[in-house]
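**Student:** coords please:
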Amino acid sequence: MSLISSLTTAEGGLANVSAQLALVSHNVANASTPSYATESLDSTSLTAGGIGMGVLTGPAVRDVNLALQAATLQQNAAVAGLQTTQTALQSIDAISGTPGAGSDLGSLLGDLQDQFSTLLSDPSNTTQQSAVVSSATTLAQGINTLSNAYTAQRQTAENNVVSEVASVNTALGTIGSLSAQIVAQQSEGVSTADLANQRDAVVQTLSQLLNVTVLVQANGNMVVSTASGTQLPTGSATGPLSVSDASVEPGATVLNGDIGGIMLGGVDVTQQLTGGQLGANITLRDTTLPTYQAGLDEFSQNLASQFGAQGLTLFTDPNGNVPAGGGTPAQSGYVGFAAEIQVNPAVQTDPSLVVDGNTTVAGSPSGAAAFTPNPVGGPAGFTTLITNVLDYALGADAQPGVPQPPANTTGLGADGTLSLPFSPPATLGAFATALTSEEAADSASTTAQLGTEQAVQSTLSGQLTSQTGVNLDQQMSLMIQLQNAYGANAKVMDAVQNMFTELLGMVQ
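**Tutor:** Model (predicted):
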């Protein structure tokens, strides 16, 4: 190797070391930057005719564990979705109460039963008659409050869906913009490591909103897909998804067109968008909360019907009517009834009707027995109706040996697609307890699962950071090595220069 070759090699070494020192500084500066993967120079030995000619300094590259990165993205979506669900269910918990605590549905129904039991001992007591009406009013208002809470949470979920679709579009647009720059720079042999780190940070943000998978193609472009395989285009500045605002009522559904679906190229892809905050809000809006509403509507209709079947139309809609069942779908005649159930205005005006009754019952072998209201001027100690309420309206049978008609637990909701997760309860009390208990169990299960998933997320995130993040100790150690290499290359150049000086002296 000639002196000139040695000098050229040393100069290349100094340039390589300088570039690596600059990259070490860049890595250290980004040690706390989220999703930043450590960058290193792609350096290779340079040879010519089998003779070493120094080092070839390539563009900065990243070393990322793609499998671990993909697992972390999925876990981000799982945790974000559970957090969203937990927030909604805890809000419902605060209103529905704890079974047996006094403010829950079962306790309110139990208080009405107690008031009727007290009235049985003195039917003519007008104060106790009013106490029964007051208790019934409290129960109806409790049902209204719970129904309104479901609707409010559904509206919140709907508003969140609209906002999160906009955020997904923004993230996809940013990914597309960064990908275009990466493709262009990669084709020119320029480092794209910084752009790739920026893009990964956006993907991390996207994974909080939606469960996605990403694939980086050979040219540097990134393909983004939902967990079900639907590809989400990244080329549009405005984003590929569209959705419209909706005002959510108890019976509103996407299937019936009351709530707009999320569209992609003219196709409704709502069901393909799962996981993350967006997926959780879609489930809350379209399944979880409507199922709770359907259960409460069923309870309310059964409550009104079973009292009416015994001769006391105590609970009605604002017009004084008890909605009929037997429709198609099953709840078509009383979707949202829980939001408007109230004590019959006639009973509010005349509380003595809780003793005398206000409905003549013809009687049926498969339903309630015959009943005739106590006429004006009838016995002041009339107890037939009160006994029927306690034994049958609130019991498992409509009359001795004849079970109450079973509550609907499948084919529920405005479109008949919802089902309750339990068998038809035997009594109204059991129904009320089942509804409250199921909601509490869902909330508790979500909280428990969230704790588990967060632990997994922390482990995966730690592993990803350990493998791809900036290790300051390693960077400091590398900096010392580079300092030594810089000094060695400088000494080579100094020695070559001295040799040139000696050679020139000999020639002269």
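**Student:** what sits against residue 261?
**Tutor:** 243, 254, 268-270 (CB atoms under 8 Å, 6 or more residues apart in numbering). To be clear about C-beta, it is placed using only N, CA and C from the backbone, and glycine gets the same treatment.
**Student:** what's the closest non-adjacent residue to it?
**Tutor:** Nearest residue to residue 261 in three dimensions, chain neighbours excluded: residue 268, at 3.7 Å (CB to CB, 6 or more residues apart in numbering).
**Student:** pretty sure that neighbour sits against residue 262.
**Tutor:** Yes: between residue 268 and residue 262 there is a contact under CB atoms under 8 Å: 6.9 Å.
**Student:** quick check: residue 62 vs residue 174, distance?
**Tutor:** 19 Å (CB to CB, to the nearest Å).
**Student:** SS state for residue 355?
**Tutor:** helix (DSSP: H, G, I helix; E, B strand; the rest coil).
**Student:** closest to residue 125 out of the contacts of residue 261?
**Tutor:** residue 254 (52.1 Å; CB to CB).
**Student:** okay, now the domains of the chain?
**Tutor:** Segmentation of the chain into domains, based on automatic domain parsing, reads 3-65+471-503, 70-455.
**Student:** related to what we said a few turns ago, neighbour count winner among residue 62 and residue 174?
**Tutor:** residue 174 (20 against 17; other CB atoms under 10 Å).
**Student:** am I right that that one falls within a helix?
**Tutor:** Yes: under three-state DSSP, residue 174 falls within a helix.
**Student:** report the contact partners of it.
**Tutor:** Counted by CB under 8 Å, 6+ apart, residue 174 has contacts 199, 202.
**Student:** for it, give its distance to residue 318.
**Tutor:** Distance from residue 174 to residue 318, by CB to CB: 51 Å.
**Student:** and the helix or strand harbouring residue 198, what does it pack onto?
**Tutor:** In the assignment (DSSP states H and E), residue 198 maps to helix 193-209. Counting contacts by 3 or more CB pairs under 8 Å, 6 or more residues apart in numbering; DSSP states H and E, helix 193-209 packs against strand 39-48, strand 51-62, helix 66-96, helix 126-187, strand 212-216, strand 222-226, helix 276-283.
**Student:** which of those is buried the deepest?
**Tutor:** helix 276-283 (a mean of 26; mean count of other CB atoms under 10 Å).
**Student:** distance of the residue nearest to residue 261 from residue 254?
**Tutor:** From residue 268 to residue 254 the distance is 8 Å (CB to CB).
**Student:** ditto for residue 386
**Tutor:** 46 Å.
**Student:** with neighbour numbers in mind, choose between those two.
**Tutor:** residue 386 (22 against 18).
**Student:** how about the residue positioned nearest the centre of the chain, what does it touch?
**Tutor:** The centroid of the chain falls nearest to residue 280 when counting by CA atoms, centre = their mean (2.1 Å). Contacts for residue 280 (CB under 8 Å, 6+ apart) come out as 80-82, 84-85.
**Student:** and residue 223, how close does it get to residue 179?
**Tutor:** Residue 223 sits at a distance of 9 Å from residue 179 (criterion: CB to CB).
**Student:** again, but for residue 309
**Tutor:** Distance check for residue 309 against residue 179: by CB to CB, it reads 66 Å.
**Student:** same deal with residue 321?
**Tutor:** For residue 321, the distance to residue 179 - CB to CB - is 61 Å.
**Student:** how about residue 138?
**Tutor:** Residue 138 is 60 Å from residue 179, by CB to CB.
**Student:** with residue 301 instead?
**Tutor:** 55 Å.
**Student:** what does residue 302 give?
**Tutor:** Distance from residue 302 to residue 179, by CB to CB: 57 Å.
**Student:** residue 465 now?
**Tutor:** 24 Å.
**Student:** how about the CA coordinates for stretch 499-506, as PDB?
**Tutor:** Provided in PDB are the C-alpha atoms of stretch 499-506 (Å, rounded to 0.1, in the frame of the first residue of the first chain):
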ATOM      1  CA  MET A 499       7.400  10.100   6.100                       C
ATOM      2  CA  PHE A 500       6.500  12.500   3.200                       C
ATOM      3  CA  THR A 501       8.600  15.200   4.800                       C
ATOM      4  CA  GLU A 502      11.600  12.800   5.200                       C
ATOM      5  CA  LEU A 503      11.200  11.600   1.600                       C
ATOM      6  CA  LEU A 504      11.200  15.200   0.300                       C
ATOM      7  CA  GLY A 505      14.300  15.900   2.400                       C
ATOM      8  CA  MET A 506      16.100  12.900   0.900                       C
END
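**Student:** what about that stretch, average pLDDT?
**Tutor:** The pLDDT scores in stretch 499-506 average 72.
**Student:** any idea how far stretch 240-249 is from the chain center?
**Tutor:** Distance of stretch 240-249 from its chain centroid, counting by CA atoms, centre = their mean, to the nearest Å, is 17 Å.
**Student:** do stretch 226-238 as well
**Tutor:** 20 Å.
**Student:** and that stretch, C-alpha only, in PDB?
**Tutor:** Coordinates of each C-alpha in stretch 226-238 appear next as PDB, following Å, rounded to 0.1, in the frame of the first residue of the first chain:
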ATOM      1  CA  THR A 226     -56.800  -3.400  10.600                       C
ATOM      2  CA  ALA A 227     -56.700  -6.600  12.700                       C
ATOM      3  CA  SER A 228     -59.200  -8.100  10.300                       C
ATOM      4  CA  GLY A 229     -57.100  -7.400   7.300                       C
ATOM      5  CA  THR A 230     -58.800  -4.300   5.900                       C
ATOM      6  CA  GLN A 231     -56.100  -2.100   4.400                       C
ATOM      7  CA  LEU A 232     -56.200   1.600   5.400                       C
ATOM      8  CA  PRO A 233     -54.900   3.900   2.700                       C
ATOM      9  CA  THR A 234     -52.300   6.400   3.800                       C
ATOM     10  CA  GLY A 235     -52.000   8.500   0.700                       C
ATOM     11  CA  SER A 236     -54.800  10.900   1.400                       C
ATOM     12  CA  ALA A 237     -54.100  14.200   3.200                       C
ATOM     13  CA  THR A 238     -57.700  14.200   4.600                       C
END
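**Student:** got a list of contacts for that stretch?
**Tutor:** By CB under 8 Å, 6+ apart, stretch 226-238 touches 74, 77, 168-169, 172-173, 175-177, 179, 210-213, 222-225, 240-241, 264, 269, 272-275.
**Student:** just for the stretch 201-350 of the chain, where's the confidence low?
**Tutor:** Of all residues in the stretch 201-350 of the chain, none has pLDDT under 70.
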